[in-house]
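J.: build me a model:
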Amino acid sequence: MKIGVLGAGQLGRMLAIAAYPLGHQMAFTANSKDAPAAPLGRTFVNNNKHDAIKQLTNASEVITYESENTDVEIVKEINKTTDVYPGAKSLFTTQHRGREKAIFVKLGIPCAPYQMVNSLRDLEVAVEKIGLPAILKTATEGYDGKGQFVIRTKNQIEKAWQSMSGVEAILEGFVNFKRELSLIAVRGLDNSHKYYPLVENTHHNGILRLTISPAENISAKVQKQAEHYMQTLLDEMGHVGVLTIELFETSNGLVVNEMAPRVHNSGHWSIEGARTSQFENHVRAITNSPLGETDCLQQYCAMINIIGKHGPVNKVLELSNTHLHLYGKTERKGRKLGHITITANTLNEFKTTLSALEAFMP
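T.: Predicted structure coming up:
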C-alpha cells in the first residue's frame, strides 16, 4: 500500500524502514527536506501546510501520524477521503492530559489525583484539594519534561502558574513509585491485540535515557493487569495501530501516568529485541495485515538514547551485541540523535555491555 505519514522525524524514518520489506511505499509531510525520514519516501514540505497535506492525501491509501500534537481537525478532514489510523478519537483523547485522566477514571484505571487549572486562583484551590508536593503540567503539547513545574511548597504556587504562560494546565498529585514502566501494544482493524512485555524506563532531566526489556521481576499477574488496562483503552477508543501507556509501579500496584497513540521511544528496543518490532506491527495494523508476534528474542535487551552529542559511536560498532541507529540529525543540547540497542543471553554479558557504553548515559 501507499502509506502517508504526517511528520518526517525519526519515528517516520523507522516506520519506513519497517514498511519497505513488506512491499509498501512511503510519503511524508515535513518542515524541511532535511527531515530524518525525507530520504526514505516522497516528502511534501509544509511551505503551505494545506497544499502539503493535500499532496500527501493524494499520494496515500492510508495515513498515520508521528505525534499526538497533530491537529485533530486535519485528521478529520483527511479521513473524509482517506483512512487515518489511529483515528481522531485516539488523537483527541491523548493530546490533552485532562481528557486522558478522564478516560482513565471512566474505565476504572488507577491514575494520580488531578485538577484542571486555568488561573492562579484555580491552582490555589487545586493545591488545597490535592496537597503538596504536586506537579503542574501544560494540558497539551508537553513532552520530554517540557511544560512542567514541581510544586513542593505553597510559596512556589505563583511562580509555577507563571511558568505555564497562561495556558490551560493540570495539577497532578505526586505518586510515590518504585520505578517507571511502559507497555506497548498494537490493535488491528479486526480487533486483534498483541502486547509487548512491560519495560523499565530511566529518565534524566525529563528525557528517556535507558529502557530495559523486559523489566526485571515482573510477575505474570502484573503483566496481565497492565494488558487489561491497555485493552480497555484500545477498545474504548477504537484504536488501530500502536498505543503506549506509561505507568508507575507502586507498593499498591500499577498507576497509569499517560499514553501516546503511536510508536514510542521506549519501544525502540523491539527492532532487534522482539520477533516483530513496534514499527512493523504498526504498519501491519494500519494496512490490515496479520499482527506479528511480540516475544523477546533474547533474555536481556536494552535501549540507550543518544542525546545532544553523537559521542563515541565507533565504540558501539566494536561490540558484537549492539546495534547503532542514527537519525541524521545535527547535534543540539537535549536533542534525540539516535539510539543503541543491546541484546544479551546472560546477565553478565548484559551488564558488561551496559558498562562499556556508559559514555552515552548521564
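
J.: for the nearest residue in space to Gly147 that is not next to it in sequence, give me the backbone phi and psi.
T.: The shortest distance from Gly147 to any non-neighbouring residue, by C-beta to C-beta, 6 or more residues apart in numbering, is to Thr138 (3.7 Å). All C-beta atoms are positioned from the backbone trio N, CA, C, and that covers glycine. Phi and psi for Thr138, reported as degrees, to the nearest 10, are phi -60, psi 140.

J.: Thr138 is in contact with Val167, isn't it?
T.: Yes: if you go by C-beta atoms under 8 Å, Thr138 and Val167 touch, sitting 5.6 Å apart.

J.: neighbour-wise, which of the two wins?
T.: Thr138 (19 against 12; other C-beta atoms under 10 Å).

J.: okay, and the beta partners of that one?
T.: Ala169 (DSSP bridges).

J.: distance check, it against Gly166.
T.: Thr138 sits 10 Å away from Gly166, taking C-beta to C-beta, to the nearest Å as the criterion.

J.: then Asn48?
T.: 30 Å.

J.: who's in contact with Leu120?
T.: Contact analysis of Leu120 by C-beta atoms under 8 Å, 6 or more residues apart in numbering lists 157-158, 161.

J.: show me where the stretch 251-362 of the chain has its strands.
T.: 253-260, 300-307, 322-326, 336-344 (DSSP state E, counting those that start in this stretch).

J.: not counting residues beside it along the chain, what's closest to Lys159?
T.: Phe149 (7.6 Å).

J.: sheet partners, orientation included, of the helix or strand the one you found falls within?
T.: Using DSSP states H and E, Phe149 maps to strand 148-151. Using DSSP bridges, the strands paired with strand 148-151 in its sheet are strand 134-138 (antiparallel).

J.: and the partner strand with strand 253-260, angle?
T.: Interaxial angle, strand 134-138 versus strand 253-260 (axes from the mean of the first three to the mean of the last three C-alpha atoms, to 10 degrees): 20 degrees.

J.: may I have strand 134-138 as PDB, with CA atoms only?
T.: Taking C-alpha atoms only, strand 134-138 is exported to PDB below (Å, rounded to 0.1, in the frame of the first residue of the first chain):
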ATOM      1  CA  ALA A 134       2.400  18.100  43.200                       C
ATOM      2  CA  ILE A 135       3.300  18.600  39.600                       C
ATOM      3  CA  LEU A 136       1.800  21.300  37.300                       C
ATOM      4  CA  LYS A 137       1.800  20.500  33.600                       C
ATOM      5  CA  THR A 138       0.500  22.200  30.500                       C
END
